[in-house]
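S.K.: here's a sequence, model it:
(chains A, B and C)
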Amino acid sequence: MLTNVTINGRTIAVPAGSTILSACRQADIKVPTLCHHPDQAVKAACRLCVVEVAGQRLLQPACSYPVSEGMVVNTATPAVREARRTILELLLSSHPPDCLQCPRSFTCELQQLASELNVRETPFPSRLRQLKQDQSTVSLKRIPDKCVNCRRCVHACLTTQGIGLLYTAGRGRDTVVQTSGNAPLHDVACVLCGQCLQACPVGAITEVDETEKVWDALADPAKHVVVQVAPAIRVALGEEFGGEAGSVVTGKLVSALRLLGFDRVFDTDFTADLTIIEEGHEFLHRLSHGGILPMITSCSPGWIKFAEHNYPAQLAHLSSCKSPQQMFGALAKTYYAEQIDLAPSSVFVVSVMPCTAKKYEAARPEMTSSGYRDVDVVLTTRELARMLKQAGIDWAGVPAGEFDAPLGISTGAGVIFGATGGVMEAALRTVYEVVSGKELGSLDFHAVRGMAGVKEAAIQIGDLVVNVGVAHGLANARQLMEQVANGTSPYHFIEIMCCLGGCIGGGGQPIPTTNAVREQRMRAIYSVDEAMTLRKSHQNPAVVKLYADFLKRPLGHKSHTLLHTEYVKRG
Amino acid sequence: MKYYRAHVLICSGSNCAIKGCRSVKQACEQEIIRHGLQGEVQVVDTGCLGLCDQGPALVVYPEGVMYGRLTPSDVLEIVSEHLLKGRLVHRLMQQPTGPAGEVSPLSMTPFFQKQKRVVLKNCGLIDPERIEDYVRAGGYTALATALDVMTPERVIAEIKQSGLRGRGGAGFPTGRKWEYTRVAAGQQKYIIGNADEGEPGTFKDRLILEGDPHLIIEGMAIAGYAIGATRGIVYIRGEYELSIHRMELAIRQARENGLLGEGILGSAFSFDLEVCAGAGAYVCGEETALIESIEGNRGEPRFKPPYPAEKGLWGQPTSVNNVETLANVPSIIEQGALWYRSLGTPNSPGTKVFTLTGNIVNSGLIEVPMGITLREVIYEIGGGIPDGKKFKMAQTGGTSGGCLAAAHLDIPMDYDSLQSHGSSLGSGALLIMDDTHCIVDLTRCFLKFFVHESCGQCTPCREGTPALYHLLGKVSAGAGGHADIQLINRLSRTMQSSSLCALGQTAPVPVLSALQHFWPEVEAHLNGRCPANKCVMGKAAGKIAN
Amino acid sequence: MAERQANSSQRQMILPFVDQPGGLLKALHALQNASPAHFLAPSDLKLVAEVFGVPEAKVWGTATFYSLYSTSPRGRHIIRVCESAPCYVVGAMDILKVLEETLDVKPGETTGDGRFTLEVASCLGVCGVAPALMVDLDVHGNLTRDRLNAILAEYA
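M.R.: Numbering: from 1, shown residues only, chains lettered A, B, ... in the order given. The predicted model follows:
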């Protein structure tokens, strides 16, 4: 069913029930928006998208107003221009004018709007509220003075993640997004996923910037500084330099890191492969020894913290495997340090992650099995981009490079960890072959790929049909966890990723990270996998060597002390 | 039934209760017992008579003599003189006597003479805490008529024909609202009585609920029957403790008498009511904010469409009607649409309850036919401006209404006439101000209210109300210029055109009407002078006060 | 232990509201009324969140929206002075000023002896007897400066 609507004199047919905004976009007419987010429910709160609808006394918000047959819309009349300008001036009067210092400069939607609407000053007096900043966590920083009350973070926390720690509080001019009692994030059940930050149009929520710590380490001649890069970085970093979403930039990434001065450039994909070996064996052990099932993956630190807060009685379902980031840190300061004959204290491990919760994970007291912090600093994709720009590295001219051995050797199974369903697919590729002793026909488990919130598959492995479930985004995770909690879960093995799309959609990724962008990055991840010669973790020669020389066997004593961990009931 | 020689009706509305009607009633009862009159004289608590400034007040029947501004010691005199000896106490009487000393009926006094009581027909005449009194006054016959001989469609047709429009402020035709709700698809429809009366200067819904709660139950049951709702909710401001108490009591009585519940009056229609108390938010008078509040949320208005008739409470078709609107329904069903149309004006049929406040002799509650002039209300019913002062302006429709000057005294009070003069009928608040007041100072006071009551959801209102308040402060302090007036105009236009709900859309109305009708006085401020000598000139106007 | 018992009696108090229209508001009213300091403590909000199955931040958002709720402790008696237009034009600001001086507090503050919290309010709906104020649930109208002391004396 189509509806005819005339916008700015041009008649077009749009699907019935469309909003004026989507009709405008179909007609390539730009309508400014601020509270609107393509993946969220309509809020109609900022009012910047008001348009004139013939026959209506008032201007109407394009984002919420439905089209009807024969409707005549004008998006740039003097009345509309005046209203938009006044609304924007009002917003600017209560927003700190510190674009120069703001980490969101150039990705700030308010700044962008001021530019597009040509608003260069506000006639209204400044109304800054001097609200308390929240710097209580190692991951996220909140600056409520910058909040524009769009409520996109509220939606991200409550609806997307099913947590609801942020909500609109107060009334009128005192309205602000807060936690209950305005408690610092550290004191509430925040999982530090950063999806609020991803949703924020301005700089009211940002990551804690740790680039200076890395510069200091790089400048310290006594430190051997190694860096590991998560799978999701290679399909996203290019966006920070104007590239298309989903461009694969692995080679440039490696060279750029070398140019920054890292002594070794390694790949978290290596420990992703290792995770599959450990976790796969843990799963098989649970299967054959009547262990607790379903077993649930443990790579995603936001998910882990969520489980610790919300499902303390179900923590035994979690795999005891550390995440690839932490396995890497532990090995870098033991196995690798021994190889290059350095004390663990001299090795400085930096990781580049698509994730703000990884900063928290690296700081957990359990993550010190080398005797030191296994990972010293976690940078998000955005922080790395900032360092590269600061160093004056001309991205366009950076040549392709290769990861260093041995911790830079990986397989396609490691790289797909970056997308939802990837850990499960990688595990299935290995578990199938280990159990059955047969080679898999097709390596692609399409049932567990894609953006559906909950995915499932049944795979015949030997005599057993293994039921697997996959969820991403914590609201979806909650569905599977409720089944686990009430004993009705039909699965043997569950993969949960904290963020929608998996790590490629993480809170540390380039802004914007929308579902459309997630899908592009996801396609890129699978293209990287397909291009690899080795696509199964158990074929990774460096992993095989690691077991032979150091770990001896999966789930062995060394593995236990270095690669496995315990969880905390946070209630 | 016991027969009494005389009845003493004591107003127990909120406005009187605070003036000590409890002690007056206590003194009255004690004194009656002391004189051994308890078998002859009955003391009855009743609803508001409307003459709030005369409270505490009582009326002695059968003579219909009203005594006002009473203290407990006055009562001793009334009992010993009037009730015992049959002699009027002239010094306390509120109405004149004829040449032969006869009492002219209360209804012939200037205050009541111009009134036409449809909504307030029982207020002051029955004991609101007794369902028997309501039934004896003809109550619940309209409901019986509707259930017996009318289809729901017929009820809606009658209401449509009557031309009844929403009395909460917007003036939307009630019959159409019901029809939309009736035809909307949904499993459980709701009728909501809106008594979240927050408009400054308005207390009509409070006094209707206190004075005649069964009228609202009857109106809502008829509405429920018409739209196909089996559940109703009366949402009452949290501050209205007595209204909540009387409504809950009336609901219990109605249930006990088979007027609420399963199969009402032997029909197939089932309907029940609940009371929901607000918690202090003016914006909850907006129907979708009210719905959010009932759902336990912040009272933030929803964007429309969809309208509540389609998706209201818990996503179900819902009709939200003001209490005064509902109070008109039984009379329309009983006496017919034609009768109703004989009152008021063609576009605004019926009567309207107004609340008179400010600098006026008789402050209180009145009900008059639509179309009466402001002059009649102020000078004939209201008794004029006290202390020999001059009328300066009247704000109609509450704080979101416009200010009218002396030149507008002969405008008919109906929806359309007031709107065409930049004001509104609104909730029926009439705030009268004498010539000692300053238009700029008052406008600031109006805006302060909106700053406090804006819900904070949409930008034009959240940010616009404090900005407008600030700009008016600048003008008030003599620091404003023509550029500020331009900015006030531009900001007001944006708030009106682009705010999400009526709060932000109407907040600038008093400002714009001030600029329109009182420009010379505003302009004097730009030149550093407050003609009324109210504004303090030269006060620093810095950033917007938080 | 004592705390747990109090918690369970409060839970019993609000449980009936769960399925009622406006139930969450009723629960907040009930808990605040039961509070000697007339406010909603963090434990109250937590309890409502748990019983109603909504996030605590959302309950906080609701509690901070409505002016009849307080999230900080208040005095034994709460004075709410109306400053809306009908009271304003007949002298509400004088009344407020006298109260501020007599009690030595600003709106929103509590007297040193914990006896009164002074608040300003939007319309109380008794404009027929303006200027007006409420002390707890009692309305006092037709206020004059001289009457204030007598009114305050009614509340220990």
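S.K.: mean confidence for stretch C:17-36?
M.R.: The pLDDT scores in stretch C:17-36 average 96.
S.K.: what about it, near chain B?
M.R.: Yes. Part of stretch C:17-36 sits close enough to chain B to count as contact by Cβ under 8 Å from any Cβ of the partner chain, namely C:20-26, C:28-29. All C-beta atoms are positioned from the backbone trio N, CA, C, and that covers glycine.
S.K.: what number of residues lie near B:Gln188?
M.R.: One way to gauge burial is a neighbour count; for B:Gln188, by other Cβ atoms under 10 Å in any protein chain shown, it gives 14.
S.K.: let me see the contact set for the spatially most central residue of chain C.
M.R.: Ranked by distance to the mean C-alpha position of chain C (Cα atoms, centre = their mean), the top residue is C:Leu68 at 4.9 Å. With contacts defined as Cβ atoms under 8 Å, 6 or more residues apart in numbering or on different chains, C:Leu68 is in contact with B:238-239, B:278-280, C:29.
S.K.: so which of those residues sit within helices?
M.R.: By the criterion of DSSP state H, membership of these in helices covers C:His29.
S.K.: could you list the buried residues of the helix ranked longest in chain A?
M.R.: Looking across chain A with DSSP H, the single longest helix is helix A:268-288. Burial within helix A:268-288, assessed by neighbour count using 16 or more other Cβ atoms under 10 Å in any protein chain shown, is assigned to A:268-284, A:286-287.
S.K.: ok so, going back, list buried residues within the residues of stretch C:17-36 next to chain B.
M.R.: Buried members of those, counted by 16+ other Cβ under 10 Å: C:20-26, C:28-29.
S.K.: now, which of those residues lie within strands?
M.R.: With strands identified by DSSP state E, none of the entries of these belong to them.
S.K.: make TSV out of those residues and add distance to A:Ile494.
M.R.: TSV is the format used below for those (distance: Cβ to Cβ, whole Å):
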residue	distance to A:Ile494
C:Gln20	38
C:Pro21	39
C:Gly22	40
C:Gly23	36
C:Leu24	34
C:Leu25	39
C:Lys26	40
C:Leu28	38
C:His29	43
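S.K.: restricted to helices, list the residues you listed.
M.R.: Secondary structure assignment (DSSP H) places C:23-26, C:28-29 from those within helices.
S.K.: who does the next helix or strand after the longest helix of chain A touch, helix- and strand-wise?
M.R.: Note on helix A:268-288: by DSSP states H and E, the next helix or strand toward the C-terminus is strand A:295-296. Using 3 or more Cβ pairs under 8 Å, 6 or more residues apart in numbering or on different chains; DSSP states H and E as the contact test, the elements touching strand A:295-296 are helix A:268-288, strand A:493-497.
S.K.: mind redoing it with 6 Å?
M.R.: Under the contact definition 3 or more Cβ pairs under 6 Å, 6 or more residues apart in numbering or on different chains; DSSP states H and E, strand A:295-296 sits against strand A:493-497.
S.K.: neighbouring contacts of the strand it packs on?
M.R.: If you take Cβ atoms under 6 Å, 6 or more residues apart in numbering or on different chains as the criterion, strand A:493-497 is touched by A:283, A:294-297, A:300, A:303, A:420, A:423-424, A:468-472, A:477, A:480.
S.K.: before we move on, what about stretch A:80-90?
M.R.: Residues from elsewhere that reach stretch A:80-90, judged by Cβ under 6 Å, 6+ apart: A:47-48, A:50-52, A:59, A:113, A:117, A:119, A:122, A:124, B:459-460, B:463-464, B:490, B:494, B:497-498.
S.K.: next one: stretch B:348-355
M.R.: Residues lying outside stretch B:348-355 but in contact with it, judged by Cβ under 6 Å, 6+ apart, are B:116, B:118-119, B:163, B:202-204, B:324, B:340-341, B:343-344, B:365-367, B:369-370, B:414-415, B:428-430.
S.K.: near A:Gln178, how many other residues are there?
M.R.: For A:Gln178, the tally of surrounding residues (other Cβ under 10 Å) stands at 24.
S.K.: quick check: it touching A:Leu166?
M.R.: No. In terms of Cβ atoms under 6 Å, A:Gln178 does not count as a neighbour of A:Leu166; the distance is 7.1 Å.
S.K.: residues contacting whichever residue of chain C sits closest to chain A?
M.R.: Here the residue of chain C nearest chain A is C:Pro55; by Cβ to the nearest Cβ that distance is 3.0 Å. Shown in contact with C:Pro55 (Cβ under 6 Å, 6+ apart): A:Gly164.
S.K.: what kind of secondary structure is the closest residue to B:Gln516 other than its chain neighbours in?
M.R.: Using Cβ to Cβ, 6 or more residues apart in numbering or on different chains and skipping residues adjacent in sequence, the residue nearest B:Gln516 is B:Gly422, 6.0 Å away. In terms of secondary structure, B:Gly422 is coil; the call rests on DSSP: H, G, I helix; E, B strand; the rest coil.
S.K.: where in the stretch 351-500 of chain A is pLDDT low?
M.R.: For the stretch 351-500 of chain A, not a single residue meets the criterion pLDDT under 70.
S.K.: mind listing the strands for it?
M.R.: For the stretch 351-500 of chain A, the strands defined by DSSP state E, counting those that start in this stretch occupy A:377-380, A:454-461, A:464-472, A:493-497.
S.K.: you'd agree B:Leu431 is up against B:Thr357?
M.R.: Yes. With contact defined as Cβ under 6 Å, B:Leu431 counts as touching B:Thr357 (5.3 Å).
S.K.: who touches both of those two?
M.R.: B:201, C:86.
S.K.: before we move on, what's the pLDDT of the closest residue to chain A within the stretch 201-350 of chain B?
M.R.: Across the stretch 201-350 of chain B, the shortest distance to chain A (Cβ to the nearest Cβ) belongs to B:Phe303, at 3.9 Å. According to the model's per-residue confidence, B:Phe303 sits at a pLDDT of 97.
S.K.: any idea how far the nearest residue to it once chain neighbours are set aside is from B:Ser400?
M.R.: Taking Cβ to Cβ, 6+ apart as the measure, B:Phe303 lies nearest to A:Ala44, with 3.9 Å between them; neighbours along the chain are not counted. In this view, A:Ala44 and B:Ser400 are 21 Å apart by Cβ to Cβ, to the nearest Å.
S.K.: can you check A:Glu530 too?
M.R.: 64 Å.
S.K.: which one's more surrounded, the two?
M.R.: Between A:Glu530 and B:Ser400, counted using other Cβ under 10 Å, the more crowded position is B:Ser400 (27 against 13).
S.K.: ranges for the strands of the stretch 101-250 of chain A?
M.R.: Using DSSP E, counting those that start in this stretch, strands in the stretch 101-250 of chain A cover A:140-142, A:167-169, A:176-178, A:205-207, A:224-229.
S.K.: sorry, slip of the keys, the one I care about is chain C.
M.R.: Taking DSSP E as the criterion, chain C carries its strands at C:77-82, C:116-121, C:133-135, C:138-140.
S.K.: which parts of the last one are buried?
M.R.: Neighbour-count burial for strand C:138-140 flags C:139-140 (criterion: 16+ other Cβ under 10 Å).
S.K.: now the residue nearest to B:Ile439 when sequence neighbours are not counted: phi and psi?
M.R.: Counting by Cβ to Cβ, 6+ apart, the nearest residue to B:Ile439 once its immediate chain neighbours are dropped is B:Phe518, at 4.2 Å. Phi and psi for B:Phe518, reported as degrees, to the nearest 10, are phi -130, psi 40.
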